[in-house]
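Engineer: Generate a structure from the sequence data that follows.
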Amino acid sequence: MFGLETLSSSAHAVVTVGLVLTEAIALYVGYGAFSSVAGTTVLDMVGGEQ
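Structural biologist: Residues are numbered from 1 along each chain as shown. So this is what the prediction gives:
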């Protein structure tokens, strides 16, 4: 798919760790944005902040 099979084993490990780290960062940022929007909406629905 990406031609990762042509990399050496140590380069393959570095690429794999980089991809996992990138995915984790994207999920962290996405979840933060979602919880900010959803949290505000839910608080407005139940009566606002107290």
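Engineer: Sticking with residue 36, tell me its helix or strand.
Structural biologist: helix 9-46 (DSSP states H and E).
Engineer: What's the separation between the residue positioned nearest the centre of the chain and residue 18?
Structural biologist: Nearest to the geometric centre of the chain sits residue 27, at 1.4 Å (C-alpha atoms, centre = their mean). Here the criterion is C-beta to C-beta, to the nearest Å. By it, residue 27 lies 15 Å from residue 18. No exception for glycine: its C-beta is placed from N, CA and C like everyone else's.
Engineer: One more: residue 28?
Structural biologist: Counting by C-beta to C-beta - residue 28 and residue 18 are separated by 16 Å.
Engineer: Give me the neighbour count for residue 7.
Structural biologist: Residue 7 is flanked by 14 other residues according to other C-beta atoms under 10 Å.
Engineer: need the contact list for it.
Structural biologist: By C-beta atoms under 8 Å, 6 or more residues apart in numbering, the contact list for residue 7 reads residue 15.
Engineer: Output the below-cut-off pLDDT ranges for the protein.
Structural biologist: 1-5, 48-50 (pLDDT under 70).
Engineer: let's see it at 80
Structural biologist: By pLDDT under 80, the low-scoring segments of the chain are 1-7, 48-50.
Engineer: quick one: the helix holding residue 36 to chain centroid distance?
Structural biologist: 2 Å (C-alpha atoms, centre = their mean, to the nearest Å).
Engineer: That one packs against which elements?
Structural biologist: Here helix 9-46 touches no other helix or strand, going by 3 or more C-beta pairs under 8 Å, 6 or more residues apart in numbering; DSSP states H and E.
Engineer: That one: which residues count as buried?
Structural biologist: Residues of helix 9-46 include none that count as buried (16 or more other C-beta atoms under 10 Å).
Engineer: and residue 46, how far is that from residue 37?
Structural biologist: Taking C-beta to C-beta, one finds residue 46 at 16 Å from residue 37.
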